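Asker: Below are the sequence and a predicted model; questions follow.
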Amino acid sequence: MRAAIIERPGQVTVQEVPDPQSAADEVVVAVALAGLCGTDLHIYAGEVNYVYPIIPGHEVVGTIMEVGEDVEDLSPGMRITFDPNVPCGQCHFCRRSRFNHCLNWQGIGVTRHGGFAERVAVPAKVVYPIGDLPFERAAFIEPLSCVVYGLQRATPALGDRVLIFGAGPIGLLLLQAVRRAGGAYVVVTDVQQGRLQLAASLGADRTVVADEDQTAALRAGAPMGYDVVIDATGVPSVVAGCMDYVTPGGKALFFGVCPEDATIPFSPFELYRRDISVYGSFALNRTFGPAIELLRGGAVDVKPLLSHRFPLERFPHALEIARTRSEPAMKILIQPTG
């Protein structure tokens, strides 16, 4: 089969590789669509100690081609997606239902070959049937699952005022999910005017261009501060300013992925004096089900977030667009077959 392989940091090729074989507890999936994610950029850049060579791709939808002999509830022809996180189920954290912190964690498209290929083998235990949900919408299940988990952590409440930094695909998923969770007034800020226009069309009450004059505009929307402030940029300087906008008793959710060695200054006294709660949100944890239902019911609209679709052979070009931002882009999908 054909697959995109990151051979080592900075080197990617599309080439013929052996077909995947399903183990007894696995299925082989014909990949319909796979979404390009920030994690794929980190793997390409070699920013963490990843294992190479690797076929990336963890936001995947497709059709089951074959099943292992021990698989009972799945069959060829089923339209599915899969949770790329494969916990062991036995370690200290798994026994406490913190599967995203599994000590023996494996990640499809991260530590084992993923979905930027014509086919991929995955454990049956992480497979989710999607029925007739269109593949273009189902391709957003994994990132939306991460959003659901983040909001389960920070628990926005009915009537909350919410500020979101970043209007990329994740920021706009957060915007819609916050609205569904009861956010009464949601402000989104970003450096790109086009993304802010999209945010307004998806339900933002106010949008603010992120620049040196943003402070007054952001404070005008909530003079006493916001109940929840969310970073969806992963930019340390942006994260550092989040708590300036949190109301006393409010919450800050650090959702964006900052560089591993980044640090930010903050005042422990202010955290104490203003009763601020700070939440991290790493990946997802058994949140595929709610994400599927949000998409199936139309509660979250992902069609406006899809900006590019490329065949597998153009994966290096897609990666370059995402990495360099050489042209405006939101979610980029790779279509390995058809």
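Answerer: Ah, there it is.
Asker: what's near enough to touch the residue nearest the centre of the chain?
Answerer: Among the residues of the chain, the one closest to the centroid is residue 143, at 3.1 Å (Cα atoms, centre = their mean). When contacts are counted by Cβ atoms under 8 Å, 6 or more residues apart in numbering, residue 143 touches 35, 37, 59, 169-170, 173. For every residue, glycine as well, the C-beta is placed using N, CA and C.
Asker: Hmm, residue 292 and residue 128 touching each other?
Answerer: Yes - counting by Cβ atoms under 8 Å, residue 292 is a contact partner of residue 128 at 6.5 Å.
Asker: just checking, what packs against whichever strand or helix holds residue 278?
Answerer: In the assignment (DSSP states H and E), residue 278 maps to strand 277-280. Counting contacts by 3 or more Cβ pairs under 8 Å, 6 or more residues apart in numbering; DSSP states H and E, strand 277-280 is packed against helix 141-154, strand 246-254.
Asker: Output those as a markdown table; include the columns mean pLDDT and distance to residue 132.
Answerer: As requested, the helices and strands packed on strand 277-280 are exported to a markdown table (pLDDT from 0 to 100; distance: least, Cβ to Cβ, whole Å):
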| stretch | mean pLDDT | distance to residue 132 |
| --- | --- | --- |
| helix 141-154 | 98 | 14 |
| strand 246-254 | 98 | 33 |
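Asker: Pick the most buried one from the ones you listed.
Answerer: The highest average neighbour count among the helices and strands packed on strand 277-280, using mean count of other Cβ atoms under 10 Å, belongs to helix 141-154 at a mean of 24.
Asker: Just checking, which helix or strand succeeds it along the chain?
Answerer: strand 161-165.
Asker: What is that following strand packed up against?
Answerer: Here strand 161-165 touches helix 169-181, strand 185-190, helix 214-221, strand 226-231, going by 3+ Cβ pairs under 8 Å, 6+ apart.
Asker: Would you mind getting the angle between the second one and helix 169-181?
Answerer: Between the axes of strand 185-190 and helix 169-181, defined by axes from the mean of the first three to the mean of the last three Cα atoms, to 10 degrees, the angle is 180 degrees.
Asker: Give me the angle between strand 185-190 and strand 161-165.
Answerer: Using the same axes, to 10 degrees: strand 185-190 against strand 161-165 is 10 degrees.
Asker: So which residues make contact with stretch 265-285?
Answerer: The contact list for stretch 265-285 (Cβ under 8 Å, 6+ apart) reads 83, 85, 97-101, 142, 145-146, 148-150, 153-154, 240, 243, 246-255.
Asker: and the helices and strands packed on strand 161-165 as TSV, adding distance to residue 322?
Answerer: As requested, those are exported to TSV (distance: least, Cβ to Cβ, whole Å):
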stretch	distance to residue 322
helix 169-181	11
strand 185-190	17
helix 214-221	26
strand 226-231	20
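Asker: Comparing these by mean pLDDT, which bottoms out?
Answerer: Of all the helices and strands packed on strand 161-165, helix 214-221 carries the lowest average pLDDT, namely a mean of 94.
Asker: Now that helix - C-alpha only, PDB.
Answerer: Extracted in PDB, the C-alpha atoms of helix 214-221 (Å, rounded to 0.1, in the frame of the first residue of the first chain):
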ATOM      1  CA  GLN A 214      -6.600  44.300  22.600                       C
ATOM      2  CA  THR A 215      -6.800  44.800  26.400                       C
ATOM      3  CA  ALA A 216      -9.400  47.500  26.400                       C
ATOM      4  CA  ALA A 217     -11.600  45.700  24.000                       C
ATOM      5  CA  LEU A 218     -11.400  42.500  25.900                       C
ATOM      6  CA  ARG A 219     -12.100  44.100  29.200                       C
ATOM      7  CA  ALA A 220     -15.100  46.000  27.800                       C
ATOM      8  CA  GLY A 221     -16.800  42.700  27.200                       C
END
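Asker: buried sites along that helix?
Answerer: Using 16 or more other Cβ atoms under 10 Å as the test for burial, helix 214-221 gives 217-218, 221.
Asker: want to try JSON lines for those residues, with distance to residue 207 as columns?
Answerer: Below are these laid out as JSON lines (distance: Cβ to Cβ, whole Å):
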{"residue": "217", "distance to residue 207": "10"}
{"residue": "218", "distance to residue 207": "11"}
{"residue": "221", "distance to residue 207": "10"}
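Asker: from those residues, which is closest to residue 264?
Answerer: Proximity of the buried residues of helix 214-221 to residue 264 (Cβ to Cβ) peaks at residue 218, which lies at 18.2 Å.
Asker: does the closest one really touch residue 163, like I thought?
Answerer: Yes - using Cβ under 8 Å, residue 218 is in contact with residue 163, at 6.6 Å.
Asker: overlap in contacts of the two?
Answerer: Joint contacts of residue 218 and residue 163 (Cβ under 8 Å, 6+ apart) are 187, 189, 245.
Asker: Tell me what the first one is bridged to.
Answerer: Each beta-bridge partner of residue 187 is listed here, defined by DSSP bridges: residue 163, residue 206.
Asker: what about this structure, any weak spots by pLDDT?
Answerer: Low-confidence segments of the chain, defined by pLDDT under 70: 338.
Asker: Relative to residue 121, which of the helices and strands packed on strand 161-165 is closest?
Answerer: helix 169-181 (27.3 Å).
Asker: domain parsing for the chain?
Answerer: Using automatic domain parsing, the domain parsing of the chain gives 2-140+302-335, 153-280.
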